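Participant: Any chance you could fold what I've pasted below:
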Amino acid sequence: MLRSIWDFFQNEVLGMKWLNRLVGSGLTAAGLDTSGRVGGSIQFFIYDTIKIMLLLGFLILIISYIQSYFPPERTKKILGRFKGIWANIMAALLGTVTPFCSCSSIPLFIGFTSAGLPLGVTFSFLISSPMVDLGSLVLLMSIFGWKVAIVYVVVGLVIAVAGGTLIEKMHLEDQVEEFIRNGKAIDVPQEELTKKDRLKYAWEQVVSTAKKVATYVLVGVGIGAFIHNWIPEDLIVKVLGTGNPFGVIIATIAGVPMYADIFGCIPIAEALLAKGARLGVVLSFMMGVTTLSLPSMIMLKKAVKPKLLGVFIGICTIGIIVVGYFFNSFQYLLI
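Facilitator: This is a model prediction of the structure:
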């Protein structure tokens, strides 16, 4: 009974399979063959775009409402109460309720570092924030199932905590740009928000984020539709499936030049997995895009010196590749 309820929730509520059937019926009624390449591409594009934007709006509304309780000043104070690895764990956890891409996380990272928080703690936040936000948990659950989603978030948090701890042990404080190290954090009294204010803030975030990510979602869904209906399955298997032991490394590197968020990556990952790519390969690609995108690294370079930037990239890359092979090894248990 519980299994049936969960399957219904995952397939019909999160996965919105009813929407896929509705879109398919509408296209068939319009005279399109959805089993063909063109009809299948149009069905994939319409279904995934609507599904992702609906989930996006709902998730941002909820997460932004929660986030309204954790403005930067309060977050700094919370993190300042913890020491050692517990500070890294808290920073990684707080990263799950903050912005959805690393370009949005970097200004917060600069603020936390200027406030005097330990460098390792701020890097745990910087790694966690784009990689394992709550939005990614729900989106991954809607497509890959709860096992994959939960394990993905757990290993992402482990990378964030381990990476931040390692950076702390390396004592690279002198590798932060001087204007940040010498910056003074000003404690601004926080005005207590009413429920109405929080809902207004959350809705504003929905509108703002939807405008920012809509292009990436459309591009991502378009690429996903192309892969799903036009790329031969044997080619995907050969390059990114069991036919290539280096698929994880290729996917991680391929994700770096791109600039997108989790919402733009999901349809591409979904299409690749359906065509025979290994689970670890598609998740490594997603992590590479969200954590190590080239525009994010260019922005981060303005805040840290080359040595620290190189250490950050190295830790994230090795962590993502290890996680990719981990998921490949245990794919049979997860999906």
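Participant: Could I get the full set of helices for the stretch 151-300 of the chain?
Facilitator: Taking DSSP state H, counting those that start in this stretch as the test, the helices found in the stretch 151-300 of the chain are 178-181, 195-230, 233-240, 247-255, 262-274, 279-292, 294-301.
Participant: I'd like these as TSV, with mean neighbour count, distance to residue 139 and mean pLDDT appended.
Facilitator: For glycine as for every other residue, the C-beta is placed from the backbone atoms N, C-alpha and C. Conversion of the helices of the stretch 151-300 of the chain to TSV gives the following (neighbours: other Cβ atoms under 10 Å; distance: least, Cβ to Cβ, whole Å; pLDDT from 0 to 100):
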stretch	mean neighbour count	distance to residue 139	mean pLDDT
helix 178-181	12	33	79
helix 195-230	17	11	87
helix 233-240	17	21	85
helix 247-255	22	17	88
helix 262-274	25	5	83
helix 279-292	28	10	88
helix 294-301	16	20	82
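Participant: Redo those helices as a markdown table? Include distance to residue 54.
Facilitator: What follows is the helices of the stretch 151-300 of the chain, written out as a markdown table (distance: least, Cβ to Cβ, whole Å):
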| stretch | distance to residue 54 |
| --- | --- |
| helix 178-181 | 39 |
| helix 195-230 | 11 |
| helix 233-240 | 28 |
| helix 247-255 | 25 |
| helix 262-274 | 11 |
| helix 279-292 | 20 |
| helix 294-301 | 27 |
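Participant: Which of those sits closest to residue 35?
Facilitator: Using Cβ to Cβ as the criterion, the shortest distance between residue 35 and the helices of the stretch 151-300 of the chain is 10.2 Å, found for helix 195-230.
Participant: neighbouring contacts of stretch 130-141?
Facilitator: Counting by Cβ atoms under 8 Å, 6 or more residues apart in numbering, the neighbours of stretch 130-141 from elsewhere in the structure are 10, 14, 52, 55-56, 59-60, 62-63, 92, 95-102, 104-105, 148-150, 152-153, 156-157, 159-160, 261-263, 266, 287, 290-291, 296.
Participant: Which of those residues are buried? Put it as a PyMOL command.
Facilitator: The buried subset of the contacts of stretch 130-141, as determined by 16 or more other Cβ atoms under 10 Å, is captured in PyMOL by this line:
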select buried, resi 10+14+52+55+56+59+60+62+63+92+95+96+97+98+99+100+101+102+104+105+148+149+152+153+156+157+159+160+261+262+263+266+287+290+291+296
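Participant: Tell me which of the contacts of stretch 130-141 fall in strands.
Facilitator: Among the contacts of stretch 130-141, none falls in strands (DSSP state E).
Participant: Please name the residues that touch residue 165.
Facilitator: Contact partners of residue 165, counting by Cβ under 8 Å, 6+ apart, are 85, 88, 120, 124.
Participant: starting at the chain centroid, how far to the one helix or strand the last one maps to?
Facilitator: In this structure, residue 124 sits in helix 119-131 according to DSSP states H and E. Per Cα atoms, centre = their mean, to the nearest Å, the displacement of helix 119-131 from the mean C-alpha position of its chain is 13 Å.
Participant: What would the helix or strand encompassing residue 322 look like as PDB? C-alpha coordinates only.
Facilitator: Residue 322 is located in helix 306-329, with elements delineated by DSSP H and E. Once non-C-alpha atoms are left out, helix 306-329 reads as follows in PDB (Å, rounded to 0.1, in the frame of the first residue of the first chain):
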ATOM      1  CA  PRO A 306      45.500  31.400  -8.900                       C
ATOM      2  CA  LYS A 307      46.900  28.900  -6.300                       C
ATOM      3  CA  LEU A 308      43.700  28.800  -4.300                       C
ATOM      4  CA  LEU A 309      41.500  28.700  -7.400                       C
ATOM      5  CA  GLY A 310      43.600  25.700  -8.700                       C
ATOM      6  CA  VAL A 311      43.200  23.900  -5.400                       C
ATOM      7  CA  PHE A 312      39.400  24.500  -5.400                       C
ATOM      8  CA  ILE A 313      39.100  23.300  -9.000                       C
ATOM      9  CA  GLY A 314      41.300  20.300  -8.300                       C
ATOM     10  CA  ILE A 315      39.300  19.200  -5.200                       C
ATOM     11  CA  CYS A 316      36.000  19.600  -6.900                       C
ATOM     12  CA  THR A 317      37.100  17.800 -10.100                       C
ATOM     13  CA  ILE A 318      38.600  14.800  -8.200                       C
ATOM     14  CA  GLY A 319      35.500  14.700  -6.000                       C
ATOM     15  CA  ILE A 320      33.100  14.700  -8.900                       C
ATOM     16  CA  ILE A 321      35.000  12.000 -10.800                       C
ATOM     17  CA  VAL A 322      35.200   9.800  -7.700                       C
ATOM     18  CA  VAL A 323      31.400  10.300  -7.200                       C
ATOM     19  CA  GLY A 324      30.800   9.500 -10.800                       C
ATOM     20  CA  TYR A 325      32.600   6.100 -10.600                       C
ATOM     21  CA  PHE A 326      30.800   5.400  -7.300                       C
ATOM     22  CA  PHE A 327      27.400   5.900  -9.000                       C
ATOM     23  CA  ASN A 328      28.500   3.800 -12.000                       C
ATOM     24  CA  SER A 329      29.500   1.000  -9.600                       C
END
